[in-house]
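**Student:** Fold the following, please.
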Amino acid sequence: MTQAEQDVVEHMLASLAISSLQSGIAPTNEQVAHHFELSCERVGLVVTLESATRIFNCVAREIHKAQSVLEFIGPGTDQMQ
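**Tutor:** Residues are numbered from 1 along each chain as shown. Sure thing, here's the model as predicted:
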């Protein structure tokens, strides 16, 4: 991956996480596409099919890793009452 592609991945993951936390639901395909477009514009990446494939594969891997960690940790406990 190029540095620009890595920057897009990092920006997408951050913005998708913030969006999901604010809304409380997973983003739609349209929202993911919007975050992708914004991220590419932000870093000045001219997208090709190959670069888009690398970016989405990396984002998918990172999301899968995060889900695995959350499953390992388990549901949160409400200790502050």
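**Student:** name the element Asp7 belongs to?
**Tutor:** If you go by DSSP states H and E, Asp7 is part of helix 3-23.
**Student:** One more: Val59?
**Tutor:** helix 49-73.
**Student:** And the residue nearest the centre of this protein?
**Tutor:** Note on the chain: the residue nearest the mean C-alpha position is Leu13, at 2.7 Å, using CA atoms, centre = their mean.
**Student:** Look up the closest residue to that one, ignoring the ones flanking it.
**Tutor:** Once flanking residues are discounted, Leu13 sits nearest to Glu62: 5.7 Å by CB to CB, 6 or more residues apart in numbering. For every residue, glycine as well, the C-beta is placed using N, CA and C.
**Student:** Tell me how many other residues crowd the one you found.
**Tutor:** A count of neighbours around Glu62, defined by other CB atoms under 10 Å, yields 15.
**Student:** That one is in contact with Glu10, isn't it?
**Tutor:** No: contact criterion CB atoms under 8 Å: Glu62 and Glu10 do not qualify, at 9.3 Å.
**Student:** ok, and for the helix or strand of the chain with the lowest mean pLDDT, which residues are buried?
**Tutor:** None of the helices or strands of the chain scores lower by mean pLDDT, DSSP states H and E than helix 49-73, at a mean of 87. Applying a neighbour-count criterion of 16 or more other CB atoms under 10 Å, one finds Ser51, Arg54, Ile55, Cys58, Val59 buried in helix 49-73.
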